[in-house]
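A.B. asks: turn this into a structure:
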Amino acid sequence: MYQKIKNLIPIISIILISFSSIMCNKAENIEPVYTSLIGKWELISYTIEAVKLNGEEFNYFEDYKKNGNALAWEFFDNGIMKATENNVTVNSNWLLKVERLSGMSIDKGQLILTGQYADQVKTALKLNELSYHIVTTASSNTMHVLIDPANLSSIYSKVTIDYLYQRL
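C.D. replies: Below you'll find the predicted structure:
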């Protein structure tokens, strides 16, 4: 009996190693789910930095909320996003691609919006897709989303809009 069990040990070891290898490969293929955006965010301010073709720099800052405006983005875990501006709500979809994390904060990522709200913004900024660079800071509950609408005007060589959101 002992000899039979001894002979089965290499076979059992191979089966366990194979099973372990299969499970590890499956785990590597699972896309991580980032939940740090889930919830409601309010636009606080935005900054526009632009460089004209002649090299002249242009900067503009607006304290959006202080000026009586209201824009909120609400992210749901099913990929739906609701954008509400001055009591008008429009739906969209969102996808977050994270390149670098620091704890619960996103150091470098890409936020892609599609749907009705995204179409409105794309039209206004003359974009093919609505894709933001995103940075979040968990300790202050803030989110910066930046966009580079290069086609916005023929007199600028570079335009960057940095939106600052606060979690509600």
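A.B. asks: contact partners for W73?
C.D. replies: K40, W41, L43, M81, K82, A83, Y165 (C-beta atoms under 8 Å, 6 or more residues apart in numbering). For glycine as for every other residue, the C-beta is placed from the backbone atoms N, C-alpha and C.
A.B. asks: any idea which element the fourth one lies in?
C.D. replies: If I follow you right, that is M81. strand 80-85 (DSSP states H and E).
A.B. asks: for that strand, which strands pair with it and how are they oriented?
C.D. replies: strand 71-75 (antiparallel), strand 88-102 (antiparallel) (DSSP bridges).
A.B. asks: give me the contact list for the last one.
C.D. replies: Applying C-beta under 8 Å, 6+ apart, the contact partners of strand 88-102 are 32, 34, 37, 75, 79-84, 106-118, 120, 134.
A.B. asks: residue nearest the centroid of the chain?
C.D. replies: The centroid of the chain falls nearest to L111 when counting by C-alpha atoms, centre = their mean (2.9 Å).
A.B. asks: now for that residue: which residues touch it?
C.D. replies: L37, W94, L95, L96, S131, Y132, H133, I134, V145.
A.B. asks: now G79
C.D. replies: By C-beta under 8 Å, 6+ apart, the contact list for G79 reads N93, W94, L95.
A.B. asks: on that earlier part again, just the buried residues of the contacts of strand 88-102.
C.D. replies: Neighbour-count burial (16 or more other C-beta atoms under 10 Å) applied to the contacts of strand 88-102 gives 37, 75, 81, 83-84, 106, 109, 111, 113-115, 117-118, 134.
A.B. asks: restricted to helices, list those.
C.D. replies: With helices taken from DSSP state H, the overlap with the buried ones among the contacts of strand 88-102 comprises Y117, A118.
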